[in-house]
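Colleague: task: produce atomic coordinates for the following.
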Amino acid sequence: MTGKQYISQWHDARNEMGTRTLNVVAGDIGGTKSWLVWFVQSWQQPKKILFEQQYDSAQFASINALLIRFFSDAGRESPPDSLYLALPGPVDARQVRLTNLAWLVDADVLSRELGIADVRFVNDFQAAARGVETLNKSDVYVLNAGVPKLGGTRVITGAGTGLGVAWMQADSTGKYAVYASEGGHMDFAPANAEQCQMRAWFEQRHGHVSWERLLSGSGLSALYEYLGLQAGQSVLSGVDAARVHALALQNEPLAQAAIQLFTDIYAAWAGNLAMLYQPRGGLYLAGGVSIHLQDWLKRERFMLVAAEKGRMAGLVSQMPIYLITNFRLGLQGAMCLM
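Modeller: Reported below is the predicted structural model:
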């Protein structure tokens, strides 16, 4: 079933709600963090949040265990009427094998074991795309004003535990449909001789080198290790992205170089998406890594690198590009899908 069909089902369920009040759990499930919310929804009434909590995904053996913990923490005596989960990975009907977490999530199993009548999944970046419509002006930073067009194609991408991509297309009435992709797993293309050498190092380690291998938390950690080896410094592998960021804020040269290289690659990726989709409705950068590195993304160099596309440089410069600084984006999007 396609993402568009899922969205249609949610709208049908909403239209059939009538005056009934529904208990709903929505979640943005990530390879690192999972964010869940329990809310009640009545027809034509604002959502009322009853409980919200964030968890370390790796602390749980399965999605079932995570949800049971959440229900207990919420202090609810009965299961919700509906469960809507935004999941990282291709949504294959009612099963999802998560990309960066060893979970197989099955809607029918969740429904049966947890006693929830209505269980539905959506790709995490489809949810993030829906979340764009919930943002306030303060949640968005303009990286490039461009030439926006009402009803133009929108694209959302983001570096976090992985690298997600989705796009939104408006119909003749201006209503947007959301489409998922696995674009983050496309082949990485180095922009210069130094990046060619870097890519060869990643290829020795991983075989296939995707954009996600670099534009993710683990990617930043690997870039730090790679630059250390190139500089002849003894750098331990496995220094996580948070530590690299902390070192960069302390003006440690190698960490700063790693983040700048990461940012340059991110800019090249954004420029590629600008050419591929021509998103005059906005190209949105999201994800936890993006938010933490926003000081680098906001620098003039980011757009200069993004527009290094030869004869297409002018086209890239026409696209409005935004940085989303709201960590709840995916969760807010998941809450909008009923």
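
Colleague: for the rest of this, base every contact and every neighbour count on C-alpha atoms.
Modeller: Noted.

Colleague: contacting residues for Met335?
Modeller: Met335 makes contact with 26-27, 84, according to CA atoms under 8 Å, 6 or more residues apart in numbering.

Colleague: for it, what are phi and psi?
Modeller: Dihedral angles phi and psi of Met335 (degrees, to the nearest 10) take the values phi -70, psi -20.

Colleague: and the gap between it and Thr99?
Modeller: 22 Å (CA to CA, to the nearest Å).

Colleague: what's the answer for Phe262, then?
Modeller: Distance, Phe262 to Thr99, using CA to CA: 21 Å.

Colleague: Ser317: neighbouring residues, count only.
Modeller: Each residue near Ser317 was counted by other CA atoms under 10 Å, and the total is 21.

Colleague: picking that back up, any idea which of the contacts of Met335 is closest to Gly282?
Modeller: Gly27 (25.2 Å; CA to CA).

Colleague: just the element for that closest one, please.
Modeller: strand 21-29 (DSSP states H and E).

Colleague: what lines up beside that strand in the sheet?
Modeller: strand 33-42 (antiparallel), strand 82-87 (parallel) (DSSP bridges).

Colleague: and these, which is most packed in?
Modeller: strand 82-87 (a mean of 24; mean count of other CA atoms under 10 Å).

Colleague: so how far is it from its chain's centroid?
Modeller: 15 Å (CA atoms, centre = their mean, to the nearest Å).

Colleague: what does it rub up against?
Modeller: So strand 82-87 is contacted by 22-30, 96, 98, 116-127, 330-331, 334-335, 337-338 (CA under 8 Å, 6+ apart).

Colleague: okay if I get the strands paired with strand 21-29 as a markdown table plus distance to Asp187 and mean pLDDT?
Modeller: Putting the strands paired with strand 21-29 into a markdown table (distance: least, CA to CA, whole Å; pLDDT from 0 to 100) gives the following:
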| stretch | distance to Asp187 | mean pLDDT |
| --- | --- | --- |
| strand 33-42 | 26 | 94 |
| strand 82-87 | 23 | 94 |
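
Colleague: let's have those in JSON lines, adding distance to Ala255.
Modeller: Formatted as JSON lines, these follow (distance: least, CA to CA, whole Å):
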{"stretch": "strand 33-42", "distance to Ala255": "24"}
{"stretch": "strand 82-87", "distance to Ala255": "31"}
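
Colleague: to Ala257, which of those strands lies closest?
Modeller: strand 33-42 (26.9 Å).

Colleague: now do the helix or strand following the closest one, average pLDDT.
Modeller: Downstream of strand 33-42, the next assigned helix or strand under DSSP H and E is strand 48-56. Mean pLDDT, computed over strand 48-56, is 96.

Colleague: list the buried ones in the next helix or strand after strand 48-56?
Modeller: Going down the chain from strand 48-56, the next helix or strand is helix 63-74, by DSSP H and E. Neighbour-count burial for helix 63-74, with 16 or more other CA atoms under 10 Å as criterion, is recorded at 63-64, 66-67, 70-71.

Colleague: quick one, helices of the protein?
Modeller: In the chain, the helices defined using DSSP state H lie at 3-15, 63-74, 107-114, 124-132, 193-206, 211-214, 217-230, 241-249, 253-277, 288-292, 294-297, 300-306, 313-318, 329-335.

Colleague: check which helices and strands the third one sits against.
Modeller: I take that to be helix 107-114. helix 63-74, strand 118-123 (3 or more CA pairs under 8 Å, 6 or more residues apart in numbering; DSSP states H and E).

Colleague: look up how far Tyr226 lies from the residue of the chain most remote from its centre.
Modeller: In the chain, the greatest distance from the average C-alpha position (CA atoms, centre = their mean) is reached by Gly232, at 34.7 Å. Gly232 sits at a distance of 10 Å from Tyr226 (criterion: CA to CA).

Colleague: list the contacts for Trp296?
Modeller: 259-260, 263, 302.

Colleague: ok, for Leu261, nearest residue in space, not its chain neighbours?
Modeller: Counting by CA to CA, 6 or more residues apart in numbering, Leu223 is the residue found nearest to Leu261 once chain neighbours are left out, at 7.8 Å.
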